[in-house]
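Undergrad: Mind looking at a prediction? Sequence and model below.
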Amino acid sequence: MKDHYLLHIPHSGLEIPNKYLDDYLISADDLKQNIYQYADLFTDDLFDGLYKKFGGVKNSYSRLLFDPERFFDDKEESMHQQFKLGWFYENSILDERPLRDTKHKTEIAKYYREHHQKLHAMTKEKLEKHGKCTLIDCHSFSNETYWFLEDKSRLPDICIGFEEYHKDQQLIDIIVDEFKSYDIAINEPYSGSLCSHACTWPPVRMNTWPVEKVKNILALL
Ligand SMILES: [Zn+2]
């Protein structure tokens with residue numbers, strides 16, 4: 001795959017293997033509602049063009065099985081400390097109540113590890129080939145204008161968020177071109193990006209590894 005870009009689509013998946021369904025303590029309907037409401041639905045379709053161009057890692061599993069964007073060590077993960085919503089959600093998201101039995105937590109850890117091993121291998125390949133690797137982290141955001149947004153006048157379809165010191169005009173141009181039929185905003189209403197350190201990778205030249213975050217609006221069906 002050409003160029004040093006790599007896509008990460010962590011939250012579009014809806015799958016939970018049948019063998020773990022009995023672990024969930026909420027009803028099948030409630031589970032389904034939690035899965036759909038908190039998935040970044042269709043981000044895999046939306047970013048498919050860029051995915052084919054640059055390659056990347058998609059997670060086909062629901063974040064209610066495991067969330068790859070949380071620290072693996074629960075002690076380091078504030079979402080686990082505060083809400084029991086680390087890489088292995090122990091509480092339901094829509095309302096605070098126990099989500100599932102933890103008896104398969106160690107077994108489910110292998111899904112988390114496999115995801116990061118894939119991402120690590122692809123990152124390493126890009127680094128070897130191009131000397132750098134930029135991760136395009138693909139999420140969705142709500143179509144509601146939240147009270148905490150500074151500018152409430154405009155909610156774009158696509159928001160490209162990055163830190164100024166990671167600015168890559170070539171990448172911005174590629175994304176703008178890819179989504180030219182959409183309303184695109186840069187660093188508004190959501191600005192900045194997250195450095196993806198919530199992982200167990202060895203430090204493969206992390207300092208040369210800027211991370212872009214691309215978000216998009218999707219109405220929940
Ligand atoms: Zn997400």
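TA: Cool, got the structure.
Undergrad: Flag the shaky bits of this structure, pLDDT-wise.
TA: 1-2, 144-153, 192-221 (pLDDT under 70).
Undergrad: again, only using 80
TA: 1-2, 94-95, 141-154, 165-166, 188-221 (pLDDT under 80).
Undergrad: which one's the longest helix in it?
TA: Longest helix in the chain by number of residues (criterion: DSSP state H): helix 105-130.
Undergrad: Extract the C-alpha trace of whichever helix or strand comes after that one and format it as PDB.
TA: Following helix 105-130 in sequence order, the next helix or strand is strand 134-141 (DSSP states H and E). Extracted C-alpha coordinates of strand 134-141, given in PDB (Å, rounded to 0.1, in the frame of the first residue of the first chain):
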ATOM      1  CA  THR A 134       0.600   8.700  10.200                       C
ATOM      2  CA  LEU A 135      -2.500   7.100  11.600                       C
ATOM      3  CA  ILE A 136      -5.800   8.300  10.500                       C
ATOM      4  CA  ASP A 137      -8.200   7.500  13.300                       C
ATOM      5  CA  CYS A 138     -11.700   7.200  12.000                       C
ATOM      6  CA  HIS A 139     -14.600   7.900  14.400                       C
ATOM      7  CA  SER A 140     -18.100   9.400  14.200                       C
ATOM      8  CA  PHE A 141     -19.600  12.200  16.300                       C
END
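Undergrad: Okay, now the sheet partners of strand 134-141, with direction.
TA: In the sheet, strand 134-141 lines up against strand 5-9 (parallel), strand 211-217 (parallel) (DSSP bridges).
Undergrad: Now do the shortest one: everything it contacts.
TA: So that's strand 5-9. With contact meaning CB atoms under 8 Å, 6 or more residues apart in numbering, strand 5-9 is reached by 40, 43-44, 47, 50-51, 54-59, 119, 122-123, 126, 133-138, 171, 174, 196. Using the backbone N, CA and C atoms, a C-beta is placed for each residue, glycine as well.
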